[in-house]
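# just a sequence and a predicted model for now, questions to come.
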Amino acid sequence: MRIAIICDVLGEENNGTTIAAMNLIRSLKEKGHEVRIVCPDPARAGERDCFLVPTYNLGPLNNYVAKNGVSLAKPVHSVLEEAIEGVDVVHILVPFNLGRAAVKLARERGIPVTASFHCQAENLTSHLFLMNARRANNLTYDVFYRNVYQYCACIHYPTQFICDVFEKRVGPTPHYIISNGVSAAFTPGKATRPAEWGERFVILFTGRYSKEKSHRVLIDAVAQSRYKDRIQLVFAGDGPLREAIRERAERSGILPPVMKFYGREELINVIRSADLYVHPAEIEIEAIACLEAIACGKVPVISNSPRSATRYFALGENNLFHCNDPADLKKKIEYWMEHPAERETCSREYAGFAKRFDYTRCMDQMEEMLLDAVNKKRHER
């Protein structure tokens, strides 16, 4: 197949959307498909089959957007025309303006469109301080549907959870529930524990430093613990709230957290070296980071937020805590600290859990979805 992938947001692989996009692109190329990428990432200038578009100049908001580590693509008609000329299918990563423009051109040319669902409404409304405003979130989903998803032959949802959320608002869609996938590299194994961690009990959380990830809840939970002087937090990631998280930890009196973005090999070593994985995020479509930790043999403690799919990864009550409740999270952390044998048993119970999210299998399913869209269009003719 010849496939055009439209990426409103594509840059460093330091966020879930970009990682998912690059995994799909690499997999499709490895399978022998011709993949054309439309994106605003200047680092990809000169790459074969990469079509660059500029980003929006938002004036006084440019610094805010840059601080959030994203660039918003500005559609250029001629670039999109060249990119989708002769392709079999157009795949949209996120339902923003570049994707919207690509949908319009594809429909005019009779090219089938598919799209992934990588953006919860709250991922946008949180920047407007409206994360908990139901009307704002519903309106966001209405716009997503009107601009992109109503025109799709197939829609990829990483979890049943987000499919249910969206379809409850807009009605039935041609859905395909396909995980973004966990790489086979994430397995239990030997690790070189950083010497500076000493004998501390290490709690890991991998996630973007942003409001909806709720780092504050984990910090406050540790601050309340009688073991706070023994607990070392590791926040693997990056993002706009780096300084705010550091300052909150300092005010709370806990040990300074390790805050760093890790490459894959280093991250695997860090996961294997940790004693417990905590995922406090309130908003989450899938949380591959949590699955990666589970795949490496870590026991998770997960927020039971109704707006997060991650809660479905819990096997027992001690793997869940009440959303935004540091006191309850503290209890769960202390339980696992005080019961190492149970922690080992739970780790064994999770063995194989992540296999259902096998990366290769998931990428095969994505390929099948794209083929379905092409075949549907052929049958219409």
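It's in. Numbering: from 1, shown residues only.
# measure how buried the residue lying closest to residue 183 once chain neighbours are set aside is and give me the count.
Counting by CB to CB, 6 or more residues apart in numbering, residue 359 is the residue found nearest to residue 183 once chain neighbours are left out, at 4.9 Å. C-betas here are computed from N, CA, C, even on glycine. Applying other CB atoms under 10 Å, we find 18 other residues in the vicinity of residue 359.
# surely residue 359 is in contact with residue 178?
No. Taking contacts as CB atoms under 8 Å, residue 359 lies outside contact range of residue 178: 11.2 Å.
# so is residue 51 in a helix, a strand, or just coil?
strand (DSSP: H, G, I helix; E, B strand; the rest coil).
# show me the contacts for it.
Shown in contact with residue 51 (CB atoms under 8 Å, 6 or more residues apart in numbering): 36, 37, 38, 39, 79, 80, 82, 83.
# likewise residue 236?
Residues near residue 236 by CB under 8 Å, 6+ apart: 204, 205, 206, 207, 260, 261, 262, 267, 270, 289.
# pLDDT weak spots in the chain?
14, 58-71, 381 (pLDDT under 70).
# returning to what we had before: need the overlap of contacts for residue 359 and residue 178.
The contact sets of residue 359 and residue 178 do not overlap (CB under 8 Å, 6+ apart).
# quick one: list the elements packing against whichever strand or helix holds residue 166.
Residue 166 is part of helix 160-170, with elements assigned from DSSP states H and E. Judged by 3 or more CB pairs under 8 Å, 6 or more residues apart in numbering; DSSP states H and E, the packing partners of helix 160-170 are helix 134-147, strand 175-177.
# burial of residue 139, as a residue count?
Counted by other CB under 10 Å, the residues lying close to residue 139 total 15.
# domain map for this protein?
Domain assignment of the chain by automatic domain parsing yields the ranges 2-181+358-380, 195-356.
# format those as JSON lines; extra columns: distance to residue 187.
Putting the domains of the chain into JSON lines (distance: least, CB to CB, whole Å) gives the following:
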{"stretch": "domain 2-181+358-380", "distance to residue 187": "12"}
{"stretch": "domain 195-356", "distance to residue 187": "6"}
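# so for residue 188, which of those sits nearest?
Closest to residue 188 of those, according to CB to CB: domain 195-356, at 3.7 Å.
# pull up the distance across that closest one, start to finish.
Domain 195-356 stretches 35 Å from its first residue to its last (CA to CA, to the nearest Å).
# do the same with stretch 329-349
From its first residue to its last, stretch 329-349 covers 21 Å (CA to CA).
# which residues does that stretch contact?
For stretch 329-349, contacts defined as CB under 8 Å, 6+ apart pick out 201, 203, 217-218, 221-222, 224-227, 231, 275-276, 278, 280, 297-299, 301, 315-316, 318-322.
# does residue 72 really touch residue 54, like I thought?
No. Assessed by CB under 8 Å, residue 72 is found out of contact with residue 54, at 10.0 Å.
# who has more neighbours, the two?
residue 72 (16 against 13).
# for the more buried one, which non-adjacent residue is spatially closest?
Counting by CB to CB, 6+ apart, residue 56 is the residue found nearest to residue 72 once chain neighbours are left out, at 4.9 Å.
# ok, that neighbour to residue 74 distance?
The gap separating residue 56 from residue 74 is 5 Å, by CB to CB, to the nearest Å.
# repeat for residue 324
Distance, residue 324 to residue 74, by CB to CB: 37 Å.
# what does residue 270 give?
Going from residue 270 to residue 74 by CB to CB gives 37 Å.
# ok, those two, which is more surrounded?
Counted by other CB under 10 Å, residue 270 and residue 74 do not tie: residue 270 has more neighbours, with 24 against 15.
# joint contacts of residue 72 and residue 54?
Common contacts of residue 72 and residue 54 (CB under 8 Å, 6+ apart): residue 40.
# so how far is stretch 358-369 off the chain centroid?
With CA atoms, centre = their mean, to the nearest Å as the basis, stretch 358-369 stands 17 Å off its chain's centre.
# for it, list every residue counted as buried.
By 16 or more other CB atoms under 10 Å, the buried positions in stretch 358-369 come out as 358, 359, 362, 363, 366, 367, 369.
# gap between the nearest residue to residue 260 once chain neighbours are set aside and residue 48?
Of all residues not flanking residue 260 in the chain, residue 236 sits nearest, at 6.6 Å (CB to CB, 6+ apart). According to CB to CB, residue 236 and residue 48 sit 32 Å apart.
# likewise residue 261?
Distance of residue 261 to residue 48, computed by CB to CB: 28 Å.
# now swap in residue 97 and tell me
With distances taken as CB to CB, residue 97 is found 25 Å from residue 48.
# neighbour-wise, which of the two wins?
Neighbour totals were compared for residue 97 and residue 48, and residue 97 leads with 15 against 7 (other CB under 10 Å).
# what about the closest residue to that one other than its chain neighbours, which SS state?
Nearest residue to residue 97, sequence neighbours excluded (CB to CB, 6+ apart): residue 75, at 5.7 Å. Three-state call for residue 75 (three-state DSSP): coil.
# distance-wise, check residue 75 relative to residue 106.
Residue 75 is 13 Å from residue 106, by CB to CB.
# quickly find the element holding residue 102.
Counting by DSSP H and E, residue 102 is part of helix 97-108.
# that's all I had, so thanks and see you.
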